[in-house]
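Visitor: quick one: sequence plus predicted model below, questions after.
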There are 2 protein chains.
Amino acid sequence: MKHFKTEDFVLESGTKISDVNIAYQIFGDFSPSKKIVWVCHALTANSDVEDWWNGLFGKNNLFNSEKYTIICANILGSCYGTSFKSEENLPIISIRDMVEMHQRLADFLEISKIDFLLGGSLGGMQALEWSVTNPDFIKNLFVIATNAKHSPWGIAFNEAQRMALHSGENGIEAARAIALLSYRNYETFNETQKDDEEKLNHFRASSYQNYQGEKLKKRFTNESYWMLSKSMDTQNLGRNRTSIENALSKIKAKTLVIGIESDLLFPVSEQKYLAKNIKNAKFEIIKSLYGHDGFLLETEKISELLKNHFEDLKS
Amino acid sequence: MKHFKTEDFVLESGTKISDVNIAYQIFGDFSPSKKIVWVCHALTANSDVEDWWNGLFGKNNLFNSEKYTIICANILGSCYGTSFKSEENLPIISIRDMVEMHQRLADFLEISKIDFLLGGSLGGMQALEWSVTNPDFIKNLFVIATNAKHSPWGIAFNEAQRMALHSGENGIEAARAIALLSYRNYETFNETQKDDEEKLNHFRASSYQNYQGEKLKKRFTNESYWMLSKSMDTQNLGRNRTSIENALSKIKAKTLVIGIESDLLFPVSEQKYLAKNIKNAKFEIIKSLYGHDGFLLETEKISELLKNHFEDLKS
């Protein structure tokens, strides 16, 4: 893991942060013949894209480091290496603040253009924002299971999680259990957490929720969880830009937007809207048992659609 | 509010409870010419059905106390007047235990037959169970937004709420916020909690969740919330009865089952299944902006369907 130190920064919310240290990873070397792939990660992920987006990244996969130079930075607010000092205990970090840090890192790395910018969910929010704010910098854009403006429904899900965080030390476990409900759906739980025996207690779905909660508690912090869920709420590409449509019309990248039919948290209507308002965009829909989590799991279907859409990926 | 004291009782889970005191209300007097309507209430409701199911009950509504004798008992585990002592601190109370208490109260009131048994959600679970266990006692049955066996999805939602309860004193507020997500849906929040101004924090959907959490905390107890959510998980009409289909086939009541198209928690497939397996049942579907909560709010549509289905309600 590499680190990049950058200057003091005033967040969009007005809070000043200092000693900003961005953790990032580069997979594959820089060479003029290699295309630059930049990945923006989602809520609880990190800069190790070959780990959390395996199937799409890593050896033998579409984006492998032999063919591409792949960059992923740990986002501002996350606890996987990126750090800063702040005037406020828990500042509001907007998606735009995250993108400003990505841009600073890209400038530091002397990257003149990103060939492929990718992101799903919170990562997709950053990828869209970056494409709006610096349209000439992004050649091709791929986003999945994301939106232009976070919905009241999504904010309500995040607020329930923050209320759990506020309840006490183990609140992050409950928060994770809530999040999982939004990442999956009725069918997912039916197919994977059904009990065979007749019982009155100790159902599999309950054990699963607790297990997942404990797992996140071990690898994440309450502070990061709170800040990143707040960041997600700030997503609004139209803020101070007349309208969302106007913002999206600025994107110059050739774009693929994928929606997952069973996604409860970011329903396909949100991705259809994106594709409709981005000039050079195509919308595709994939079926998945896994709802929103399909963006991490349906890597075969995603790879196929990416190869079909982007000429540059065929060779 | 009236109280009915009953004998010691061994719960289905094996735990002995004593000093059982069931709170109930009767709207309208008993008279041979008046039909008996019995309502089973849902998770956070109580015996005052004219309050929480207003529009369907109360003056000028389909079920008014001038025409009917209406009975509603506060369920075992709830904190609205019903109480008991228990060997275990928080015993597992099954839907069958609740129904046993309803039956004891009905016997005490010397009721020989219930003309209309009604319930939605957790109330529907009790109404179904009662109709299976004592088919000759129930003449007409109406259930809405309920199921024969609680789903892994529903249990996962309940577990997330219990994890929030376990986190600390204010956990019940987070639990309520989680529950609301399952009672509503994307569209409900979009239509009712959208912000007009551009902002980075203090979104309406967040305030709404906190407001609803605080409201429940004032009127409910952690213990009751925990126990009743556990009760919901136990719903399985087929337990020790060969199969769910076999259990449902025992129901003799003329039955109306309503599903709400936008119900995320109890999807319509569950009510279709009920109607398919109850001999004398009709299935109807209603549209609602309010998802699962539609069972409380769409009283006009429900009254219409009830009047169309049950001859006895037309006069």
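Guide: Everything's here; your move.

Visitor: tell me where the stretch 201-315 of chain A has strands.
Guide: Residue ranges of the strands in the stretch 201-315 of chain A, as given by DSSP state E, counting those that start in this stretch, are A:254-260, A:281-286.

Visitor: could you count how many residues lie near the residue of the stretch 151-300 of chain A found nearest chain B?
Guide: Closest approach between the stretch 151-300 of chain A and chain B, counting by C-beta to the nearest C-beta: residue A:168, at 2.9 Å. All C-beta atoms are positioned from the backbone trio N, CA, C, and that covers glycine. For residue A:168, the neighbour count with other C-beta atoms under 10 Å in any protein chain shown is 17.

Visitor: pLDDT score for the residue nearest to it when sequence neighbours are not counted?
Guide: Nearest residue to residue A:168, sequence neighbours excluded (C-beta to C-beta, 6 or more residues apart in numbering or on different chains): residue B:168, at 2.9 Å. Note on residue B:168: pLDDT of 93.

Visitor: if we can go back for a sec, who wins for proximity to residue B:112 among the strands of the stretch 201-315 of chain A?
Guide: strand A:254-260 (54.8 Å; C-beta to C-beta).

Visitor: please identify the pairing partners of that closest one and their relative orientation?
Guide: Strand pairing for strand A:254-260, determined by DSSP bridges: strand A:138-144 (parallel), strand A:281-286 (parallel).

Visitor: centre of the chain to it, how far?
Guide: 14 Å (C-alpha atoms, centre = their mean, to the nearest Å).

Visitor: please enumerate residues in contact with that strand?
Guide: A:131, A:139-145, A:266-268, A:270-272, A:274-275, A:278, A:280-288, A:290-292, A:294-295, A:298, A:302, A:305-306, A:309-310 (C-beta atoms under 8 Å, 6 or more residues apart in numbering or on different chains).

Visitor: need the buried ones from those residues selected in PyMOL.
Guide: For the buried members of these, the matching PyMOL selection, counting by 16 or more other C-beta atoms under 10 Å in any protein chain shown, is:
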select buried, chain A and resi 131+139+140+141+142+143+144+145+266+267+268+270+271+274+275+278+281+283+284+286+288+290+291+292+294+295+298+302+305+306+309+310
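
Visitor: check contacts around the residue of chain A most remote from its centre.
Guide: Farthest-out residue of chain A from its mean C-alpha position, per C-alpha atoms, centre = their mean: residue A:198, at 39.8 Å. For residue A:198, the contact set (C-beta under 8 Å, 6+ apart) comprises B:236, B:238, B:239, B:240.

Visitor: need the residues of the stretch 51-200 of chain A near chain B, please.
Guide: Contact residues (C-beta under 8 Å from any C-beta of the partner chain) of the stretch 51-200 of chain A with chain B: A:92, A:94, A:151-153, A:155-160, A:162-164, A:166-171, A:173-174, A:177-178, A:180-182, A:185-186, A:188-190, A:192-195, A:198, A:200.

Visitor: and stretch A:221-236, what's its mean pLDDT?
Guide: pLDDT averaged over stretch A:221-236 gives 98.

Visitor: residues in contact with residue A:213?
Guide: Neighbouring residues of residue A:213 by C-beta under 8 Å, 6+ apart: A:170, A:172, A:173, A:174, A:175, A:176, A:177, B:163.

Visitor: so the second one, which of the three states?
Guide: The local conformation at residue A:172, judged by DSSP: H, G, I helix; E, B strand; the rest coil, is helix.

Visitor: quick check: longest strand of chain A.
Guide: In chain A, taking DSSP state E as the definition, the longest strand is strand A:16-27.

Visitor: that older thread, now the strands of the stretch 201-315 of chain A in CSV, with mean pLDDT?
Guide: Converted to CSV, those look like this (pLDDT from 0 to 100):
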stretch, mean pLDDT
strand A:254-260, 98
strand A:281-286, 98
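
Visitor: tabulate these in CSV, adding columns for distance to residue A:3.
Guide: As requested, those are exported to CSV (distance: least, C-beta to C-beta, whole Å):
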stretch, distance to residue A:3
strand A:254-260, 31
strand A:281-286, 35
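
Visitor: thinking again about what came up before, from the contacts of residue A:213, which is closest to residue A:72?
Guide: residue A:176 (22.4 Å).

Visitor: quick one: the helix or strand where the closest one lies to helix B:171-183, angle?
Guide: Using DSSP states H and E, residue A:176 sits within helix A:171-183. Computed by axes from the mean of the first three to the mean of the last three C-alpha atoms, to 10 degrees, the angle separating helix A:171-183 from helix B:171-183 equals 0 degrees.

Visitor: what about helix A:171-183, average pLDDT?
Guide: Mean predicted lDDT for helix A:171-183 stands at 98.

Visitor: helices or strands up against that helix?
Guide: With contacts defined as 3 or more C-beta pairs under 8 Å, 6 or more residues apart in numbering or on different chains; DSSP states H and E, helix A:171-183 has these neighbours: helix A:152-167, helix A:204-219, helix A:222-234, helix B:152-167, helix B:171-183.

Visitor: what angle sits between it and helix A:204-219?
Guide: 120 degrees.

Visitor: got phi/psi on residue A:114?
Guide: Main-chain torsions, residue A:114, degrees, to the nearest 10: phi -100, psi 120.

Visitor: just give me the neighbour total for the residue lying closest to it once chain neighbours are set aside.
Guide: Distances taken as C-beta to C-beta, 6+ apart put residue A:38 closest to residue A:114, at 4.7 Å, once the chain neighbours are dropped. Neighbour count for residue A:38, taken as other C-beta under 10 Å: 26.

Visitor: can you confirm residue A:38 is in a helix?
Guide: No: Residue A:38: not assigned to a helix; according to three-state DSSP it is strand.

Visitor: can you tell if stretch A:2-18 touches chain B?
Guide: Yes: using C-beta under 8 Å from any C-beta, stretch A:2-18 comes into contact with chain B via A:12, A:13.

Visitor: mind checking the end-to-end distance for that stretch?
Guide: Length of stretch A:2-18, first residue to last, C-alpha to C-alpha, to the nearest Å: 19 Å.

Visitor: and for stretch A:268-286?
Guide: End-to-end distance of stretch A:268-286 (C-alpha to C-alpha): 10 Å.

Visitor: contact partners for the residue of the stretch 151-300 of chain A closest to chain B?
Guide: Contacts of residue A:168 by C-beta under 8 Å, 6+ apart are B:167, B:168, B:169, B:170, B:171.

Visitor: buried subset of these, written for ChimeraX?
Guide: Selection of buried members from these for ChimeraX, criterion 16+ other C-beta under 10 Å:
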select /B:167,168,170,171
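
Visitor: which of the contacts of residue A:168 lies closest to chain A?
Guide: residue B:168 (2.9 Å).

Visitor: give me the nearest residue to residue A:285, chain neighbours excluded.
Guide: residue A:259 (5.1 Å).

Visitor: ok, now how distant is the one you found from residue A:87?
Guide: 39 Å (C-beta to C-beta, to the nearest Å).

Visitor: cool, thanks, talk later.
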